[in-house]
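Chemist: Generate a structure from the sequence data that follows.
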Amino acid sequence: CVCVCVSAALESPTAEQPTERSGTQKLNVHPMVRVFRALVVVWAALAWAPHGASGQVANSFSPVFADPAGPGRMIGMVMVGVDNIVAVYGGITSLYNDTSQETATTLQDKLWVFSSYSKTWTPRDFLPGQSPGKAAFMSSVLQSIPPQTLTFLFGGLRNASALSNDLWIYNSYFNNWTNVDHTGPWPAPRYGHACTPHGDDGMIICGGTGIEYAALNDVWFLNFTSLQWTQLPDVPTYRRDANLISISGVLYLFNGQSADGSSPELPPDYVLSPWVFNTSAANASWYNMTTYATVPGVLPSTAYGGGAVAYLDLIIVFMGVLASGNFATETFVLNVTSQEWFLVGQQNPYTPRAYFGYYFSGLSIYVYGGANLGGQLDSLASFDVIRGLWDNAINQITAPPAAFGSAYCTVPFSGNSLLLFGGYGNAASSQLWSLGFSTDTSRLGWNSYAADLQPASRVAATLTYMNLSAYLFGGDTESSQSSSVWKFDFVVGVWAQLLGLGVVRSRSYHSGVGVTSHVTSCNGPAIVYFGGANVAFVPFSFGQFNYSFIDDLNYLCITENRWIQVSQNGTAPAARAGHAAAYFEGSVGPLMFVYGGASATGVFHDLWVLDVNGMTWTRLPDPPLPPLYAAAVTQEGNRWFLVSGSSFPKASPAASGGQPFLFTGFFDNTTNRVSFTEVELSTPIAFDRSNALAAWVSGSLVALGGFNGYVYSLSNAQSIPIRCNPGHYSPNYLTTACSECPLGSYAVFPGTTACSR
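Modeler: From the prediction side, this is the model:
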């Protein structure tokens, strides 16, 4: 789940009797008058600040992209997203005259949905009383329970006249809202509070602004299952417009304004060092954590009204209003383990802002609306975590050129992205791309990553994900065959060539699997490489030269940063290239499975398993698969997928197209064996190509790219929603083998978890 918390610098609502049942506090002055006056005061107060210095806003902003079909200029909206689909609800929108002067403001009650693939906004309307209504400055947390997502929306300014402590739930699958009854302990009405998802089953809110402009310091946990609130220990300081992050059960509260609520004119206390609370510890209390600069003197300026998201054990902090009155133009990351800050990115001139909505997809942060010195904004910006760059999310992104032989791997911590490097089409490529999928995979979002230092263009290399990095090894370059290893670091978004590893033979069309458990020979994790094709010179004229095929086994030790050429025990597989490989953790330790491939003698039909620690091969019974090489291969859970590929021997593994078939192997960690089944599909698979790419995305297998004997393509993605074949069932397809339905029961549809009678 993801969290979005927004607020605004409004004047104080005052206390009156709450309306019946709604838990809403009345305002004594029409809120639009207060909003308009407050914004004028804020922007007038900010205008005096000197511009152009480091960390401040430049003298002028670049033109902001305005989507005429979008939500419009606004602040105080909530923003959530899933699967690269972004939704914005509520907010305060300004109206302008012909001279661009603000004339009025109004609360919004519309839900807008943005697709990062089609680059378009779509509105959703609701009947009166069947949604939170006109609202702003709320908090929101999203919980994904396929096929539906639930958005929990709390508090804020509602119905143009009141502060609220209502809890609403939006179900994206049925497109409806539910207002939760107030039962048991319940937080007071507020806006501008911090919030965060907490674990898989709840959210936590903290502080905010209550009645009489009071800054709050109470902390509450909402259980998504029981819909009950539990109060946690108060934060030692009052806090509003702050950021709250939960990582592994530990809360981090930082930035924002702190005041005792005695006067709206009380100077705010801008807090940077986080307050920390461990929700798992007995008798825990809040404490202030000291942080350090990785580079001396390079620390973020304290801010309020900005954003923050969690990325593994890192907290990314961006935008907001500084104590000087300027807007933050730098993006910082806090490593909560080392307690160190480091700078990762500069905003583009049009992006600095505060009081915006934002959402983190796993690889990109999307930011919509907000305000800066130029007024309210209607632009949608995005921050690419890998590149460390901000961009306009509306911009059309070109796709990589059609190619085959690209090195690729899935990015497991996002769950919906594929990393792609190189390949060959009309020319060899040295570009790194990421592909973000939607559940409707006819919509693809490509991002390319420019770097001052990067590997040379190549084809038929391997790209393997390990410990927040992707390792590129081998491949055919324009003038030679490579034996180099390059590492792409996801945290800082840069390439580095690994030197001093030792000597290993150059190759292409080899296999590589990342073993995350302990490899005895390496005293830690390793990437295991087997086989491939070797040639002295490759001028990119595939099919017109002869390869020599390799049968050696090499471990790249990740911790020790060195190569080990392994002496293989027992009978090993014959030399080959273009084979399929997978890694599973068995009861005897890490295992590498190898199937098929080709050599000068033809296409193989054999299945082998390697005991990685024992360095011993065992040949298993031939599976019910055709002879196969150059298939698209991926794995998820205990499943190993092989899509298409070729059975025809050629002079080069790249020379022919493929056949349209799909097989899945299921790994049983009690027998340490893989059993294969051809997947029965309701419609035939139309993926007849070799050297393609595959990934498991959002409950579907997605295949794309490759060569069908005539053309190359990267725009031919096919989504294949597969489960158990008809007549079979499994409570969890990815982790439990499919079983035949008992006598007298049946399963007509793929995906059955239990047979019917």
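Chemist: Could you pull up the mean pLDDT of stretch 695-703?
Modeler: On average, the pLDDT along stretch 695-703 is 71.
Chemist: so where's the stretch 1-150 of the chain shaky on pLDDT?
Modeler: 1-69, 82-85, 94-105, 115-120, 144-148 (pLDDT under 70).
Chemist: cool, and the stretch 301-450 of the chain?
Modeler: 345-351, 362, 386-387, 391-404, 412-416, 425-429, 435-450.
Chemist: Check the stretch 451-600 of the chain too.
Modeler: Scanning the stretch 451-600 of the chain for pLDDT under 70 picks out the ranges 451-452, 491, 536-546.
Chemist: Near the nearest residue to residue 219 once chain neighbours are set aside, how many other residues are there?
Modeler: Sequence neighbours aside, residue 232 is the residue nearest to residue 219 in space, at 4.2 Å (criterion: Cβ to Cβ, 6 or more residues apart in numbering). Every residue, glycine included, has its C-beta placed from N, CA and C. Number of residues near residue 232 (other Cβ atoms under 10 Å) recorded here: 16.
Chemist: separation between residue 232 and residue 279?
Modeler: With the distance defined as Cβ to Cβ, to the nearest Å, residue 232 ends up 7 Å from residue 279.
Chemist: what's near enough to touch the residue nearest to residue 219?
Modeler: By Cβ atoms under 8 Å, 6 or more residues apart in numbering, the residues touching residue 232 are 204, 219, 220, 221, 277, 279.
Chemist: So what's the predicted local confidence for the fifth one?
Modeler: Per-residue confidence for residue 277 comes out at a pLDDT of 96.
Chemist: Among the contacts of residue 232, which ones are in strands?
Modeler: Within the contacts of residue 232, residues falling in strands by DSSP state E are 204, 219, 220, 221, 277.
Chemist: backbone phi and psi for residue 521, please?
Modeler: Main-chain dihedrals, residue 521, degrees, to the nearest 10: phi -60, psi -30.
Chemist: Could you pull up the residues touching it?
Modeler: Neighbouring residues of residue 521 by Cβ under 8 Å, 6+ apart: 555, 557, 564, 566, 613, 615.
Chemist: List the residues that contact the closest residue to the last one other than its chain neighbours.
Modeler: I take that to be residue 615. In space, and not counting its chain neighbours, residue 615 is closest to residue 566: 5.1 Å by Cβ to Cβ, 6+ apart. Contacts of residue 566 were listed using Cβ under 8 Å, 6+ apart, and they are 521, 552, 553, 554, 555, 615.
Chemist: and what of residue 597?
Modeler: Contacts of residue 597 (Cβ under 8 Å, 6+ apart): 531, 576, 577, 578, 579, 580, 603, 604, 629.
Chemist: Leaving out sequence neighbours, find the closest residue to the second one.
Modeler: Across the structure, with Cβ to Cβ, 6+ apart as the measure, the residue nearest residue 576 apart from its sequence neighbours is residue 597 (3.4 Å).
Chemist: what's around residue 606, how many residues?
Modeler: For residue 606, using other Cβ under 10 Å, the count is 18.
Chemist: residues contacting it?
Modeler: Counting by Cβ under 8 Å, 6+ apart, residue 606 has contacts 573, 595, 596, 619, 622.
Chemist: now, among those residues, which is nearest to residue 587?
Modeler: residue 619 (19.7 Å; Cβ to Cβ).
Chemist: And the pLDDT for that closest one?
Modeler: For residue 619, the predicted pLDDT is 94.
Chemist: Same question for the one 4 residues further on.
Modeler: Listed pLDDT for residue 623 reads 89.
Chemist: ok so, going back, could you measure the residue nearest to residue 219 against residue 200, distance?
Modeler: 18 Å.
Chemist: cool, residue 92 as well?
Modeler: 33 Å.
Chemist: who has more neighbours, those two?
Modeler: More crowded of residue 92 and residue 200, by other Cβ under 10 Å: residue 92, with 29 against 10.
Chemist: was I right about that one contacting residue 71?
Modeler: No. Under the criterion of Cβ atoms under 8 Å, residue 92 makes no contact with residue 71, lying 11.2 Å away.
Chemist: what's the distance between the residue nearest to residue 738 when sequence neighbours are not counted and residue 501?
Modeler: Nearest non-adjacent residue to residue 738, counting by Cβ to Cβ, 6+ apart: residue 724, 3.8 Å away. According to Cβ to Cβ, residue 724 stands 44 Å off from residue 501.
Chemist: Next: residue 607.
Modeler: Taking Cβ to Cβ, one finds residue 607 at 31 Å from residue 501.
Chemist: can you check residue 678 too?
Modeler: For residue 678, the distance to residue 501 (Cβ to Cβ) stands at 41 Å.
Chemist: Let me know how buried the closest residue to residue 91 other than its chain neighbours is, in neighbour terms.
Modeler: Leaving aside its sequence neighbours, residue 91 sits nearest to residue 77 (Cβ to Cβ, 6+ apart; 3.1 Å). Neighbourhood size, residue 77 [other Cβ under 10 Å]: 29.
Chemist: how close does residue 77 sit to residue 176?
Modeler: Residue 77 is 20 Å from residue 176, by Cβ to Cβ.
Chemist: ok, so of the ones in strands among the contacts of residue 232, who is nearest residue 331?
Modeler: Distances from residue 331 to these, taken by Cβ to Cβ, are shortest for residue 204, at 24.3 Å.
Chemist: mind listing what the closest one touches?
Modeler: Residue 204 sits next to 195, 196, 198, 219, 220, 221, 222, 232, 244, 246, 251 when contact means Cβ under 8 Å, 6+ apart.
Chemist: Can you flag the buried ones in those?
Modeler: By neighbour count, with 16 or more other Cβ atoms under 10 Å, these hold 195, 196, 198, 219, 220, 221, 222, 232, 244, 246, 251 as buried.
Chemist: biggest separation within the residues you listed, which pair?
Modeler: Within those, 222 and 251 form the most distant pair, 14.1 Å apart (Cβ to Cβ).
Chemist: what touches both of residue 92 and residue 71?
Modeler: Residues within reach of residue 92 and of residue 71 at once, by Cβ under 8 Å, 6+ apart, are residue 108.
Chemist: Just give the number of residues close to residue 740.
Modeler: Counted with other Cβ under 10 Å, residue 740 comes out at 13.
Chemist: Bridge partners for it, pull those for me.
Modeler: Beta-bridge pairing for residue 740 (DSSP bridges): residue 728.
Chemist: That one reaches residue 728, doesn't it?
Modeler: Yes. Here residue 740 reaches residue 728: they are 5.6 Å apart, a contact under Cβ under 8 Å.
Chemist: before we move on, the earlier item: inside helices: which ones of the contacts of residue 521?
Modeler: Taking DSSP state H, every one of the contacts of residue 521 sits outside helices.
Chemist: ok, now how distant is residue 554 from residue 629?
Modeler: Per Cβ to Cβ, residue 554 is found 20 Å from residue 629.
Chemist: between those two, who's got more neighbours?
Modeler: Taking other Cβ under 10 Å, residue 554 and residue 629 do not tie; residue 629 has more neighbours (29 against 23).
Chemist: Identify the residue spatially nearest to the more buried one, adjacent ones excluded.
Modeler: Here the residue nearest residue 629, using Cβ to Cβ, 6+ apart, is residue 578, at 3.7 Å.
Chemist: same thing with residue 201?
Modeler: Residue 201 sits nearest to residue 224 (Cβ to Cβ, 6+ apart), 5.0 Å away.
Chemist: just checking, the one you found touches residue 197?
Modeler: No. Using Cβ under 8 Å, residue 224 is not in contact with residue 197, being 9.4 Å away.
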